[in-house]
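1. Dropping the sequence and predicted coords here.
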Amino acid sequence: MRRLLPLLANCLFAAACSDSSGAASNADASVTDGSGSGSGEGIELRTYPLDDTLRINELAMRCTHNSYHIQRDFLLDPSHDYTHQPLDVQLGQFGVRAFEIDIHAGTGFPVFHIPIVDNLTTCSDLGSCLVTIAGWSARNPDHTLVVVWIEVKDELDGRRITNYALLDETIRTALGPILYSPDDLQGDFASPRARIDQAGWPTLGETRGRVALVLLDVDDPHSSGYTNGHTTTAGRAMFARADNEWYAAPWAVFAKVNNPSDAEAIAAAHAANLMIASNVGGAGSDDASNTAGLADALTNGSHMLCDDFPAPVAERDYFLDLPGGTPSLCNRVTGSALCRPDAIEDRPVVVQLDGSGSGR
């Protein structure tokens, strides 16, 4: 009951947001069928006996790169040759639990990749993207922590994002009580880093049904600007990615090592007890390279496996296939002996080739 009440409160908030934004897709549905694709009538919360034992850094979760992306008919570069389903479909049907979203300067923080040449998207701005996630979460409130990486790509916008308070307000408005912020992680400790060092990562039960955001940028002006000169994330809506020089900083709990085969760099992040994302499979690489990248990411213990292909596509043999994942796996480096995929979350994912990159 201790965990049930906040989950239900989160459901009510997120459902209201979803209703106000228009009709939800089929993936915004009841949890009763195990995939999030039911009728939407009623919410059935699963019981996870190890929720107070297993911790969120024991996972290896599916992640998508440029999660909003729709390919144009004319491709400027082969790396743009992929199309993602809407975020709620990725959550419900493909078992994705981490996203990467690019934002730009402008009203509502528009979401797309590159102006003009690669600008098609499944959700138009940051708020609408997050409301889509919140709507799915309302109908599936016993999911594990969802992580959303936010990359500021304003270099070609003609102006820069400088109002970080407005950015935080946009996030809080869209997610409400399901937002898991740096202050939530910190609790009564001196900093998020102190929480991790002294008490470890939160348990699955502490974070179930929540959504955490992480600023992806490590370059200035945004990395320094958002963390007040690399000193703190207190009061912020988002965590901030730490580059290796900041691994010991009081706000540093998330890292991204782009190359999943860089065992030394990933090991250094593990030594700092960070949660790590890596880019696994991409449209600009061949199937053999992507397959090798996925294998290395699993072996080296990346927590978030970010990919352009969360489901099969007609032109490729490769996709982000995690046999036994329900939808996540236990991390091979940080997972404990007690960890089992169905103790993390019990929603087996079945994706089949349909020629468009979507699963069934």
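-> Cool, the structure landed.
2. Check residue 7 and give its pLDDT.
-> At residue 7 the predicted local distance difference test score is 54.
3. do residue 116 as well
-> Predicted confidence (pLDDT) for residue 116: 91.
4. Mind jotting down where the strands sit in the stretch 201-350 of the chain?
-> According to DSSP state E, counting those that start in this stretch, the stretch 201-350 of the chain carries its strands in the segments 211-215, 239-240, 254-256, 275-281, 304-307, 329-330.
5. Partner strands of the last one and their direction?
-> In the sheet, strand 329-330 lines up against strand 59-64 (antiparallel) (DSSP bridges).
6. Report the angle between the strand it pairs with and strand 275-281.
-> Between the axis of strand 59-64 and that of strand 275-281 there is an angle of 50 degrees, by axes from the mean of the first three to the mean of the last three C-alpha atoms, to 10 degrees.
7. counting contacts, what elements does the helix or strand that comes right after strand 59-64 pack onto?
-> Past strand 59-64, heading to the C-terminal end, the next element that is a helix or strand (DSSP states H and E) is strand 69-70. For strand 69-70, the elements it packs on are strand 120-121, judged by 3 or more C-beta pairs under 8 Å, 6 or more residues apart in numbering; DSSP states H and E. C-beta here means a position set from N, CA and C on the backbone, and glycine is covered the same way.
8. Any idea how far the strand it packs on is from the middle of the chain?
-> Counting by C-alpha atoms, centre = their mean, to the nearest Å, strand 120-121 is centred 19 Å from the centre of its parent chain.
9. What of stretch 89-108?
-> On the basis of C-alpha atoms, centre = their mean, the separation between the geometric centre of stretch 89-108 and that of its chain is 7 Å.
10. where along the chain do the helices fall?
-> For the chain, the helices defined by DSSP state H cover 4-20, 87-93, 126-139, 164-175, 182-186, 192-199, 204-207, 222-226, 263-271, 287-300, 341-344.
11. and the nearest residue to residue 123 once chain neighbours are set aside, how far is that from residue 85?
-> Counting by C-beta to C-beta, 6 or more residues apart in numbering, the nearest residue to residue 123 once its immediate chain neighbours are dropped is residue 129, at 3.9 Å. Residue 129 is 13 Å from residue 85, where distance means C-beta to C-beta, to the nearest Å.
12. now for the helices of the chain, which one comes closest to residue 80?
-> Evaluated over these, closeness to residue 80 peaks at helix 287-300, with 15.9 Å, by C-beta to C-beta.
13. What is that closest one packed up against?
-> In this structure, helix 287-300 packs against helix 263-271, strand 275-281, strand 304-307, with contacts taken as 3+ C-beta pairs under 8 Å, 6+ apart.
14. So which of the helices of the chain is nearest residue 333?
-> Between residue 333 and the helices of the chain, the shortest separation by C-beta to C-beta is 5.9 Å, and it involves helix 263-271.
15. Check which helices and strands that closest one sits against.
-> strand 275-281, helix 287-300.
16. what about residue 182, how many neighbours?
-> Close neighbours of residue 182, defined as other C-beta atoms under 10 Å, add up to 25.
17. Tell me the buried residues in stretch 260-278?
-> 260-261, 265-266, 268-270, 272-278 (16 or more other C-beta atoms under 10 Å).
18. my bad, should have said stretch 153-173
-> For stretch 153-173, burial by neighbour count (16+ other C-beta under 10 Å) applies to 153-154, 161, 164, 167-168, 170-171.
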